[in-house]
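In: I'll drop the sequence and a predicted model, then ask my questions.
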Amino acid sequence: MPAVKNTDSIDKTMVIIGSSISGIFFIGLAVIVITRLLMELHYRKEYRSFLRAQKETVWNETNNPLFQGATTTVMNPLHSVE
(Lines give C-alpha, C1' and ligand atoms only; values in the text may rest on other atoms or scores of the structure.)
Protein backbone atom coordinates (compact mmCIF):
# COMPACT_ATOMS: atom_id res chain seq x y z
CA MET A 1 0.00 0.00 0.00
CA PRO A 2 1.48 3.37 -1.00
CA ALA A 3 1.83 6.10 1.60
CA VAL A 4 -0.93 8.68 1.25
CA LYS A 5 -0.31 12.22 2.47
CA ASN A 6 -2.80 13.54 4.88
CA THR A 7 -4.05 16.84 3.36
CA ASP A 8 -5.57 17.97 6.65
CA SER A 9 -2.19 18.55 8.29
CA ILE A 10 -0.90 21.40 6.09
CA ASP A 11 1.75 23.61 7.66
CA LYS A 12 0.04 26.98 8.21
CA THR A 13 3.00 28.76 9.76
CA MET A 14 3.49 31.13 6.84
CA VAL A 15 -0.23 31.94 6.73
CA ILE A 16 -0.23 32.80 10.43
CA ILE A 17 2.94 34.91 10.16
CA GLY A 18 1.71 36.71 7.03
CA SER A 19 -1.71 37.46 8.45
CA SER A 20 -0.19 38.71 11.73
CA ILE A 21 2.23 41.04 9.95
CA SER A 22 -0.42 42.35 7.56
CA GLY A 23 -2.88 42.80 10.43
CA ILE A 24 -0.38 44.86 12.41
CA PHE A 25 0.46 46.88 9.30
CA PHE A 26 -3.16 47.67 8.45
CA ILE A 27 -4.04 48.53 12.05
CA GLY A 28 -1.08 50.94 12.16
CA LEU A 29 -2.10 52.43 8.83
CA ALA A 30 -5.66 52.89 10.09
CA VAL A 31 -4.40 54.62 13.25
CA ILE A 32 -2.28 57.01 11.17
CA VAL A 33 -5.15 57.83 8.79
CA ILE A 34 -7.62 58.41 11.64
CA THR A 35 -5.10 60.60 13.49
CA ARG A 36 -4.45 62.70 10.37
CA LEU A 37 -8.19 63.04 9.75
CA LEU A 38 -8.85 64.20 13.32
CA MET A 39 -5.93 66.67 13.12
CA GLU A 40 -7.24 68.06 9.82
CA LEU A 41 -10.70 68.58 11.32
CA HIS A 42 -9.17 70.32 14.35
CA TYR A 43 -7.02 72.59 12.15
CA ARG A 44 -10.03 73.54 10.00
CA LYS A 45 -12.00 74.41 13.13
CA GLU A 46 -9.14 76.58 14.41
CA TYR A 47 -8.82 78.31 11.01
CA ARG A 48 -12.56 79.09 10.90
CA SER A 49 -12.29 80.51 14.42
CA PHE A 50 -9.31 82.63 13.33
CA LEU A 51 -11.17 83.99 10.29
CA ARG A 52 -14.23 84.79 12.41
CA ALA A 53 -12.08 86.65 14.97
CA GLN A 54 -10.29 88.50 12.17
CA LYS A 55 -13.60 89.73 10.71
CA GLU A 56 -14.79 90.94 14.12
CA THR A 57 -11.64 92.95 14.80
CA VAL A 58 -11.99 96.68 14.23
CA TRP A 59 -8.81 98.70 13.81
CA ASN A 60 -8.73 102.41 14.59
CA GLU A 61 -7.13 104.63 11.97
CA THR A 62 -5.16 107.06 14.12
CA ASN A 63 -1.97 108.92 13.43
CA ASN A 64 1.00 108.09 15.61
CA PRO A 65 2.83 111.31 16.55
CA LEU A 66 6.08 109.38 17.14
CA PHE A 67 6.15 107.86 13.67
CA GLN A 68 8.37 109.47 11.07
CA GLY A 69 8.47 108.48 7.45
CA ALA A 70 11.30 106.19 6.35
CA THR A 71 12.38 108.31 3.37
CA THR A 72 15.29 110.66 3.81
CA THR A 73 17.30 112.60 1.27
CA VAL A 74 21.07 112.52 1.63
CA MET A 75 23.34 114.67 -0.50
CA ASN A 76 26.71 113.20 -1.50
CA PRO A 77 29.28 116.02 -1.20
CA LEU A 78 31.63 114.46 -3.79
CA HIS A 79 28.98 114.44 -6.52
CA SER A 80 27.24 117.74 -5.91
CA VAL A 81 26.05 119.82 -8.81
CA GLU A 82 28.00 123.08 -9.01
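Out: Cool, the structure landed. None of these values were measured; they are calculated from a predicted model.

In: just so I have it, where are all the helices in this protein?
Out: 13-56 (DSSP state H).

In: List the residues that contact Asn64.
Out: Contact partners of Asn64, counting by Cβ atoms under 8 Å, 6 or more residues apart in numbering, are absent. Glycine gets a C-beta too; all of them are placed from N, C-alpha and C.

In: Can we start the residue count at 48 from this point?
Out: Let's use 48 as the start, then, which means that last one is Asn111.

In: in this protein, which segments are predicted with low confidence?
Out: 48-57, 127-129 (pLDDT under 70).

In: What's the end-to-end length of stretch 99-117?
Out: Using Cα to Cα, to the nearest Å, the end-to-end distance of stretch 99-117 comes out at 34 Å.

In: Stretch 101-111 too?
Out: 23 Å.

In: Check stretch 96-114 too.
Out: End to end - Cα to Cα - stretch 96-114 spans 33 Å.

In: What are the buried residues along it?
Out: By neighbour count on 16 or more other Cβ atoms under 10 Å, the buried set for stretch 96-114 is empty.

In: chain center to it: distance?
Out: Put simply, stretch 96-114 sits 29 Å off its chain's centre (Cα atoms, centre = their mean, to the nearest Å).

In: now stretch 118-126
Out: 50 Å.
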